[in-house]
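Novice: generate coordinates for the sequence data below:
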Amino acid sequence: MRCTKILLAALPVAVLVAGCSDDGGGGSAATEPVTVTLTDAGCDPTVVSATGGTVTFAVKNDRDSKAEFEILSKTPEILVEKFLESKAAGNFQVNLKAGSYEIICGAPSDTRAALTITGQGDVAVLKVDKAALDAAVTAYTAYVREQTKALETGTKAFTDAVRAGDTEKAKTLYAQVRIPWERIEPVAELFPDSDGVIDSRADDFEQKEADPEFTGFHAIEYGLWANGTIGGAKVDLVSLANGLDKDIAALIALVNGLEIQPQVMTNGAAALIEEAANTKITGEEERYSKTDLATFAANVEGARKVFDLVEVLLSGVNKKLDDSITKDFTTVDDLLAKYKEGAGYASYDKVTNGDRDKFKTSMASLSEDLAQVTGSFGLEVVE
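Specialist: Modelled structure (predicted):
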């Protein structure tokens, strides 16, 4: 077993999590751990509480498949985002301030837990110039809004083709419209209800492809590439296209009204790459269209944008980490370049098993390095 310290996600007062993949993992805390089980229905129990400061969560995944554990503030911000393999468990330490939070166990539509924190967490000391950091956040906010505009335009073109019954055009546009979404996914995921109807996979639903709650990009992807070939499930593409337009518009309004915090930006980059390494390298994201490499590249582009905006600050406080992240990006870029085809990428089934392993290893390294940026800036409390 290999235990590593992993920064999980954005916090008002930042977090360091010590995680292991078995029941003995994690660290110690002054109070009893908050025990949460990921069941097929969602969280068990559905109401939990703890005293502010360093809180330990003892989490177990009782599902038969990999599942996600998330803690969200009311801001909203994703405070913890961690994937656990089936039957795996781990202890995660989080520094939390007094307030009300939500816990997601599995899909956003599953039963959630209400988390109440009393008391006061530790306060971190900023190690970089605040004005420069604020300028980076302003630039990132502009980037996010630029991407939401591209998402809006691309979605309309895509859904118009779906409604017109132009399957080949819709297939061509599918990978393109996914790019802006995947670049800013950590921000979109701050609104899990919207994210759930837009980007959930069939695995998140009891009846999988046949489930009436299966909507969004991947339901349309299924309809375009594999309609009726998996469990005989049929989809109403026109209805799904209309729903996607509505859901994307609602999400864009939420995102554009959000005041992005520095931790959302820095921790989001790490979380984006961690998710890609855990659940996208496997080919499960774009399982019908095999456009995974385009999605993967967009994740890298979104994370790189954050790094580019804060690199000068990082170089000033942690040059070694800055150099390591630069090297990580180069390694991933070189792997992606092998499968470049014109303006896009090869079908994912052309990627060799050896290269899939290399992608996973290099992305894990990049994620772990990006996870240290927040702490280097003094935005987290390190245990």
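
Novice: tell me the pLDDT at E380?
Specialist: Note for E380: predicted pLDDT of 53.

Novice: ugh, typo on my part, it should be D247
Specialist: D247 is assigned a predicted lDDT (pLDDT) of 98.

Novice: check contacts around it.
Specialist: By Cβ atoms under 8 Å, 6 or more residues apart in numbering, D247 lies in contact with 194, 197-198, 215-216. Bear in mind the C-beta positions are built from the backbone N, C-alpha and C, glycine included.

Novice: of all those, the one with the weakest confidence?
Specialist: Among the contacts of D247, S194 has the weakest pLDDT, 93.

Novice: name the helix or strand for the nearest residue to V306 once chain neighbours are set aside, please.
Specialist: Nearest-residue entry for V306: A269, 4.0 Å, with adjacent residues in sequence omitted and distances by Cβ to Cβ, 6 or more residues apart in numbering. Counting by DSSP states H and E, the element that carries A269 is helix 262-275.

Novice: what's that helix packed up against?
Specialist: Packing partners of helix 262-275 (3 or more Cβ pairs under 8 Å, 6 or more residues apart in numbering; DSSP states H and E): strand 78-84, helix 130-163, helix 185-188, helix 292-317, helix 353-370, helix 373-376.

Novice: which residue ranges of the stretch 201-350 of the chain form strands?
Specialist: Shown for the stretch 201-350 of the chain, the strands assigned by DSSP state E, counting those that start in this stretch span residues 340-341, 344-345.

Novice: pick the most buried one from the ones you listed.
Specialist: Compared across the strands of the stretch 201-350 of the chain, strand 344-345 shows the largest average neighbour count, a mean of 20 (mean count of other Cβ atoms under 10 Å).

Novice: quick one: that strand to chain centroid distance?
Specialist: Taking Cα atoms, centre = their mean, to the nearest Å, the mean C-alpha location of strand 344-345 is offset from the chain mean by 22 Å.

Novice: now stretch 270-289
Specialist: Here stretch 270-289 is found 9 Å from its chain centre; the criterion is Cα atoms, centre = their mean.

Novice: tell me how far T331 lies from E301.
Specialist: 15 Å (Cβ to Cβ, to the nearest Å).

Novice: what's the burial count for the residue lying closest to K87 once chain neighbours are set aside?
Specialist: Nearest non-adjacent residue to K87, counting by Cβ to Cβ, 6+ apart: N61, 6.4 Å away. Counted with other Cβ atoms under 10 Å, residues neighbouring N61 total 25.

Novice: swap in D355?
Specialist: Close neighbours of D355, defined as other Cβ under 10 Å, add up to 15.

Novice: so who does the nearest residue to it once chain neighbours are set aside touch?
Specialist: Excluding the flanking residues, the one nearest D355 by Cβ to Cβ, 6+ apart is L335, at 6.3 Å. Residues counted as contacts of L335 (Cβ under 8 Å, 6+ apart) are 355, 358-359, 362.

Novice: I'd say D62 and A89 touch.
Specialist: No - taking contacts as Cβ atoms under 8 Å, D62 lies outside contact range of A89: 9.4 Å.

Novice: neighbour count for these two, which is higher?
Specialist: Between D62 and A89, counting by other Cβ under 10 Å, A89 is the more crowded of the two (21 against 15).

Novice: quick one: L321 from K305, how far?
Specialist: The gap separating L321 from K305 is 18 Å, by Cβ to Cβ.

Novice: so which of the contacts of D247 are in helices?
Specialist: The helices, defined by DSSP state H, take in 194, 197-198 from these.

Novice: from those residues, which is closest to A175?
Specialist: Of all these, I198 has the smallest distance to A175: 16.1 Å, by Cβ to Cβ.

Novice: burial of that closest one, as a residue count?
Specialist: Neighbour count of I198, defined by other Cβ under 10 Å: 23.

Novice: what's near enough to touch the residue nearest to it when sequence neighbours are not counted?
Specialist: Nearest in space to I198, with sequence neighbours left out and distances taken as Cβ to Cβ, 6+ apart, is G216 at 4.3 Å. G216 sits next to 197-200, 240, 243-244, 247 when contact means Cβ under 8 Å, 6+ apart.

Novice: likewise A270?
Specialist: With Cβ under 8 Å, 6+ apart as the criterion, the residues that contact A270 are 7, 303, 367, 370-371, 373-374.

Novice: touching, T39 and A113? I think so.
Specialist: No - the pair T39 / A113 is not scored as a contact, 11.0 Å apart, by Cβ under 8 Å.

Novice: more neighbours, the two?
Specialist: A113 (20 against 17).

Novice: and that one, how close does it get to P262?
Specialist: Using Cβ to Cβ, A113 is found at 27 Å from P262.

Novice: before we move on, back to that, using ChimeraX, define a selection of the buried residues within the contacts of L335.
Specialist: Command for ChimeraX, covering only those of those found buried under the criterion 16 or more other Cβ atoms under 10 Å:
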select :358,359,362
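
Novice: perfect, I'm done here.
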